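> coords please:
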Amino acid sequence: MQTRTPRRCVLTLAFLTIAILAAPLGAQAKAKVITPPHPSDSAARTTTASRPPASAASPSAVTPAPPARPVIPQSAVLDSIRETVFRNLLERDRAGFATLASAFCLSLAADDFKKASTPDRVDPPEPMVRRLATPRTPARRASTCTFAPNGAAARPVPGRSLLYTVGAIDLSSPDRAEAAAGYNYDGYSAGGYTFTVERADSGWVVKQWRMEWTGKPSTP
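So this is what the prediction gives:
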C-alpha cells in the first residue's frame, strides 16, 4: 500500500525552503558596503590637517631682513679723492680734536654733510687705511672703534674716538671735484665740510674747504 504525502504538507515544506534561502540574500541586499579610502587620499588629508594655517605662524619664526647697506660708488679715481680728503683731515686737524682723541676712525658714506645727520657708513678699504695711518694719527676702520653712549655729562672730553667720514663726491670734470666730509668726536662735537680738490702732477690736492655746519650731535 503506497503512502501519499498530503498536498498541504508539501506546500508548507516548499515555502519554508524558499524562506530559508531568501533570508541571507535579503540581509545581504540590505547591508551597507563601506569602501576604505585609498592610502594616498588618507595621507593627503592627514598632511593638510596637520599643517598650521599661514596666519597662525609665530611672528618670531619670521627672520627679519638685514638692513640695507649704503651704496658707495667705487673707482680708483674716487678712492684717490677720498684718500686726499682723509689725509687733509688727519694732518691739518680740521676738527681740532686730534690732541684729545684716543682713536682715529675712518668711514665712507653717501651723505653730503650739508646738515647734521647720522648717515649709514661703511669701512674704507684696508690698504687705504694703512697708507693713512701714522704714529701721530694711528687711523683705523670705523667698525673697529668703540663709541661711548651719549648723555653722560660727567664724561671727560679727552680720550674719545674721533670719527672722520668722507661722503658724496661730485666729479664735475676729470680734473676737479667736490667731496663732502664730516667729523664726529664721539657725540661731543660734530661738523660737516665741503672740500674742493683738483688734479695735479703729484695727484689730487685740496684747493679749498669750507665748514658747512658744526654743533653737538648724537653719538655716531
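
> L89 belongs to a helix?
Yes: assessed by DSSP: H, G, I helix; E, B strand; the rest coil, L89 belongs to a helix.

> Go ahead and confirm it touches Y164.
Yes: counting by CB atoms under 8 Å, L89 does reach Y164; the two are 4.9 Å apart. Every C-beta, even on glycine, is put in place using the N, C-alpha and C of the backbone.

> Looking at those two, which is more packed in?
The neighbour count for L89 versus Y164, taken as other CB atoms under 10 Å, is higher for L89 (28 against 25).

> From F104, how far out is that one?
From L89 across to F104, the span is 9 Å (CB to CB, to the nearest Å).

> With G96 instead?
Relative to F104, G96 is positioned 14 Å away (CB to CB).

> Give the residue from these two that has the larger number of neighbours.
Between G96 and F104, counted using other CB under 10 Å, F104 has the larger neighbour count: 25 against 13.

> got a list of what the residue lying closest to I169 once chain neighbours are set aside touches?
Counting by CB to CB, 6 or more residues apart in numbering, I169 lies nearest to A179, which is 4.7 Å off, once chain neighbours are set aside. When contacts are counted by CB atoms under 8 Å, 6 or more residues apart in numbering, A179 touches 81-82, 85, 166-170, 194-195, 197.

> out of these, which is most surrounded?
Counting neighbours by other CB under 10 Å, V166 leads the contacts of A179 with 29 neighbours.

> what about the nearest residue to it once chain neighbours are set aside, which helix or strand?
Take V166 and drop its neighbours on the chain: the residue closest to it by CB to CB, 6+ apart is R82, 4.6 Å away. Assigned by DSSP states H and E, R82 belongs to helix 76-92.

> try T146
Short version, using DSSP H and E: T146 is in no helix or strand.

> Backbone dihedrals for the closest residue to it other than its chain neighbours, please?
Spatial nearest neighbour of T146, chain neighbours left out: S161 (6.6 Å); criterion: CB to CB, 6+ apart. With angles defined as degrees, to the nearest 10, S161 sits at phi -80, psi 130.

> quick one: S161 from S107, how far?
S161 is 11 Å from S107, by CB to CB.

> Looking at the two, which has the bigger crowd around it?
Between S161 and S107, S107 has the larger neighbour count (other CB under 10 Å), namely 24 against 21.

> I'd say the more buried one and G167 touch.
No: the criterion here is CB under 8 Å, and S107 misses it with G167 at 9.5 Å.

> Can you pull out the low-pLDDT segments for the protein?
Of all residues in the chain, those with pLDDT under 70 make up the ranges 1-67, 149-154.

> Can you give me the separation between the closest residue to D123 other than its chain neighbours and S189?
Leaving out its chain neighbours, the residue that sits closest to D123 by CB to CB, 6+ apart is R141, at 4.1 Å. Distance check for R141 against S189: by CB to CB, it reads 22 Å.

> What are the boundaries of the helices in the protein?
Ranges of helices in the chain, per DSSP state H, are 7-30, 39-50, 76-92, 126-132.

> Report the separation between A133 and D175.
From A133 to D175 the distance is 28 Å (CB to CB).

> ok, back up a step: now the common contact residues for L89 and F104.
Any residue near both L89 and F104 by CB under 8 Å, 6+ apart counts here, and that gives Y164.
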